[in-house]
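**Q** Okay, predicted coordinates and the sequence, questions at the end:
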Amino acid sequence: SNKTAIAPTASISIICGGSSPGIEPIAGNSYTHKTLSGSFNVRNKFLEEVLNKYGKNDNETWSSITTTQGSVQHLDFLTQEEKDVFKTAFELDQRWLIDLSADRTPYISQAQSLNIFLPADVHKKDLHQIHFQSWKKGLKSLYYCRSKSIQRAEVISKSFVASTTEKTQNEETKNYEECLSCQ
């Protein structure tokens, strides 16, 4: 009686050449994958083809994509259609993931592992709304609620360089001591 179940296959998808992990959209077009043997950069091979078309398949472009959490929305040379095609899981309206999952549900005898992707500062009303919609549409379960950290190392390192430069300039103009609260 139990014939189908949709499971997450994150590790297998990487081994298979960067295919999507099961039914979920990709979390980023470029990201650092950490394993026991080390870290390596994973890039969307289909995006590479588009970047080649524009002559932008270079380290600078990929670094900017990685720094913007795998997003290509900041790349002004891409068309709006290309930006839409390469949206990350965090840039998609999660209600669509729930609708698509609900459409599959009648054909799955066990369950499907549906992950939802939300910003770290999601309002509790929005989170409740997503869970309520899932229940109302008849989903048997939700798997993970993935969110991003409010502070990321790449963003912090860029702001650190800027603040260090500014701090050096400010220290040159200050000749008095500040308390810890005022700094």
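**A** Received the coordinates, thanks.
**Q** What is the least confident helix or strand in this structure?
**A** helix 153-173 (a mean of 51; mean pLDDT, DSSP states H and E).
**Q** show me where the protein has strands.
**A** Using DSSP state E, the strands of the chain run over 30-35, 38-43, 116-118, 145-147.
**Q** any low-confidence regions in the chain?
**A** Along the chain, segments meeting pLDDT under 70 span 1-2, 7-14, 17-21, 151-183.
**Q** now the most centrally placed residue in the chain: how far from residue 76?
**A** Against the mean C-alpha coordinate of the chain, by Cα atoms, centre = their mean, the closest residue is residue 27 at 3.7 Å. Separation of residue 27 from residue 76 (Cβ to Cβ, to the nearest Å) stands at 23 Å. Glycine gets a C-beta too; all of them are placed from N, C-alpha and C.
**Q** do residue 130 as well
**A** 32 Å.
**Q** Settle it for me: which of those two has more neighbours?
**A** Taking other Cβ atoms under 10 Å, residue 130 and residue 76 do not tie; residue 130 has more neighbours (18 against 6).
**Q** My guess is the more buried one contacts residue 116. True?
**A** Yes. At 6.0 Å, residue 130 counts as touching residue 116 under the criterion of Cβ atoms under 8 Å.
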